[in-house]
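In: The following block contains a protein sequence and its predicted model.
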Amino acid sequence: MKNQIKILIADDHALVRSGIITLLKTEKGFNIIGEACDGEAAVEQVRNLSPDIVLMDISMPKQSGLEAAAIIRKKFPSTRVLILTMHDNEEYAYQIWNSGAGGYILKNSDKSELIVAIKEVMRGQRFFSRALSDKMVDYYKRRPKPAGDLALLTKREREIIKLIADSLTNQEIADRLFISPRTVDTHRSNIMQKLDIKNTAALVRFALENGIITTK
């Protein structure tokens, strides 16, 4: 039928997949077109079925949901990914943001929140479970922000941080900014050194905390 959202369910537990299908199959405008039991199968099903959105668990065999989400974002950009998980901590939220997934919803959320999440992600918005959003707000309020770190960055370095947080590769950033990949790599190294940051997840966290990027 026209105008239906085509949904793929990816979870390594058959009962979970069955429960989600039962929850959504009667919802007007939704069409469950397939299932996958691991990350590799999810990517293959996206290739074969071209779903509009994948509801995907994080912890799956062969390939994690985050790894699969990053591949789907790169190879099949028209397919959105919404992560479904039991993990409700900030670190997972940063990893999910960095994977390119459209959002993060807890498995104990109610049906109405899941439906809203699917529709928001399909509109190109980022969606985070209310419970997790509240935790992140509290976390940011409690956490002292590093004094002066943001002031150390040039305008170009802030621009590159934003693109890194959007999961672009060095080559993609270079193409976007009309500079060489080596120059991007130099900027990346300088940023890490200035901020005393060791990995991309920490860099995304810094960008969130300092307003370089925002959750929607």
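Out: Perfect, I can see it now. Quantities reported herein were computed from a predicted structural model and do not represent experimental measurements.
In: which regions of the chain lie under the pLDDT threshold?
Out: Along the chain, the parts satisfying pLDDT under 70 run over 1-2, 88-100, 130-148, 214-216.
In: what's the longest helix along it packed up against?
Out: Counting residues, the longest helix in the chain under DSSP state H turns out to be helix 181-195. With contacts defined as 3 or more CB pairs under 8 Å, 6 or more residues apart in numbering; DSSP states H and E, the secondary structure elements packing on helix 181-195 are helix 155-165, helix 170-177, helix 200-209. Using the backbone N, CA and C atoms, a C-beta is placed for each residue, glycine as well.
In: and among those helices, the most buried is which?
Out: Compared across those, helix 200-209 shows the largest average neighbour count, a mean of 19 (mean count of other CB atoms under 10 Å).
In: quick check: angle from that one to helix 181-195?
Out: Following axes from the mean of the first three to the mean of the last three CA atoms, to 10 degrees, one obtains 70 degrees for the angle between helix 200-209 and helix 181-195.
In: mind checking how far helix 200-209 is from the chain centre?
Out: On the basis of CA atoms, centre = their mean, to the nearest Å, helix 200-209 sits 14 Å off its chain's mean C-alpha point.
In: for it, packing partners?
Out: Of the remaining helices and strands, those touching helix 200-209 by 3+ CB pairs under 8 Å, 6+ apart are helix 90-99, helix 155-165, helix 181-195.
In: middle-most residue in this structure, spatially?
Out: Closest to where the C-alpha atoms of the chain average out (CA atoms, centre = their mean) is Ala101, at 2.6 Å.
In: right, and it touches Leu82 too?
Out: Yes - using CB atoms under 8 Å, Ala101 is in contact with Leu82, at 6.8 Å.
In: Would you mind listing the residues touching both of the two?
Out: Met56 (CB atoms under 8 Å, 6 or more residues apart in numbering).
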